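J.: quick check, what structure comes out for this input:
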Amino acid sequence: MARYELLNNVAHKDLRIAARFGRAFGDDVGMVPAYPTEYAELQREYPIFFQKDSETGEYRSVALLGFARDENLYLQGERWNAGYLPGHIARGPFLIGFQEQDVDGERRCEAVIHVDLDHPRVSFDEGEPVFLPQGGNSPYLEQVATVLRGIRDGVDGGKAMYEIFDSMGLIQPITLDIKFDDTHGANVTGLLGIDRERLAALDAESLHVLHRSGYLEGAYLVLASMHNLRRLMAEKQRRLSREEIAANAG
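T.: The predicted structure is shown next:
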């Protein structure tokens, strides 16, 4: 159960955040939310898909980490084996909330950072300090603030992008039915992707709408990310091979 508090450098002056990775921190997940603001970085290393909420009908994008709900093929011990860490993971125990504040005599709803004190990464003994000894923000907190702004902008901008993709029929179901070897495979359902043929068949007006809004790049980044499925498959095959060798040795 999360226990969020408004972050401040008095009550949380000694707060530290564990920088390691692993099951103990909830990193054993098969996919994480992905945000359009990070597509350019994500597409270099992760396959990007869409999902649709059956109740609200709203779309979201996700980065695939493995072929099962609790399988993260980017985890290697306490290390995350990728050059870019998805924003959902990089934000750690922090999120953006909103608070009414007096700004130049006017009441405004300002974005503020909250911290989940029950998050497994939270510590007062080890890890990255959140505040400097004199009370200023640490480089780590400044980095987290940048990540949180990207997430907020990605959530806001993503809604409009998904709507346009959907209206043009570009978002279509994808089923991953994969064989790793003669005895192991995976079937991942509930994913959606950009239909390459439908995108190529769009008329000039539709393409102009996508280009003018900046969403055409997003569509091509999602398509480009599909080559990372081969990376995931290769890692899965390596792990299965190691398990087989260990079992035969035992």
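
J.: can you tell me what sits against stretch 27-41?
T.: Contact with stretch 27-41 is made by 21-22, 42, 46, 48-49, 60-72, 75, 80, 84, 86-89, 150-151, 153-155, 157-158, 161, 218, 221-222, 225, as judged by Cβ atoms under 8 Å, 6 or more residues apart in numbering. Quick note: C-beta positions are derived from backbone N, CA and C, even for glycine.

J.: if we use 7 Å, what do you get?
T.: For stretch 27-41, the surrounding residues in contact (Cβ atoms under 7 Å, 6 or more residues apart in numbering) are 21, 42, 48, 60-72, 75, 84, 86-89, 150-151, 153-155, 157-158, 161, 218, 221-222.

J.: got it, and stretch 52-70?
T.: Under Cβ under 7 Å, 6+ apart, the answer for stretch 52-70 is 28-34, 36, 42, 46-51, 72-74, 86, 158, 162, 166, 171, 178, 186, 188, 192, 232, 236.

J.: also stretch 143-154?
T.: So stretch 143-154 is in contact with 35-38, 87, 90-92, 94-96, 111, 113, going by Cβ under 7 Å, 6+ apart.

J.: mind putting those residues in TSV, distance to residue 122, secondary structure and pLDDT included?
T.: Below are these laid out as TSV (distance: Cβ to Cβ, whole Å; DSSP: H, G, I helix; E, B strand; the rest coil; pLDDT from 0 to 100):
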residue	distance to residue 122	secondary structure	pLDDT
35	23	coil	97
36	29	helix	97
37	26	helix	97
38	24	helix	98
87	19	helix	97
90	15	helix	97
91	13	coil	96
92	8	coil	96
94	10	strand	97
95	13	strand	93
96	17	strand	90
111	21	strand	80
113	14	strand	95
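
J.: for ChimeraX, what selects the buried ones among those?
T.: This is the ChimeraX syntax for the buried subset of those, where burial follows 16 or more other Cβ atoms under 10 Å:
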select :35,36,37,38,87,90,91,92,94,113
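
J.: out of the contacts of stretch 143-154, which is nearest to residue 17?
T.: Nearest to residue 17 out of the contacts of stretch 143-154 is residue 92 (Cβ to Cβ; 5.2 Å).

J.: can you point out the buried residues in the helix or strand bottoming out on mean pLDDT in the chain?
T.: The helix or strand of the chain with the lowest confidence, counting by mean pLDDT, DSSP states H and E, is strand 94-103 at a mean of 79. Neighbour-count burial for strand 94-103, counted by 16+ other Cβ under 10 Å, picks out residue 94.

J.: use 193 as the first number from now on
T.: With 193 as the first residue, the last one maps to strand 286-295.

J.: could you name the helices and strands sitting against that strand?
T.: strand 298-308, helix 331-359 (3 or more Cβ pairs under 7 Å, 6 or more residues apart in numbering; DSSP states H and E).

J.: this structure: strands as residue ranges?
T.: Secondary structure of the chain (DSSP state E): strands at 196-198, 208-209, 223-226, 240-244, 251-256, 267-268, 271-272, 286-295, 298-308, 314-315, 320-321, 363-371, 377-386.
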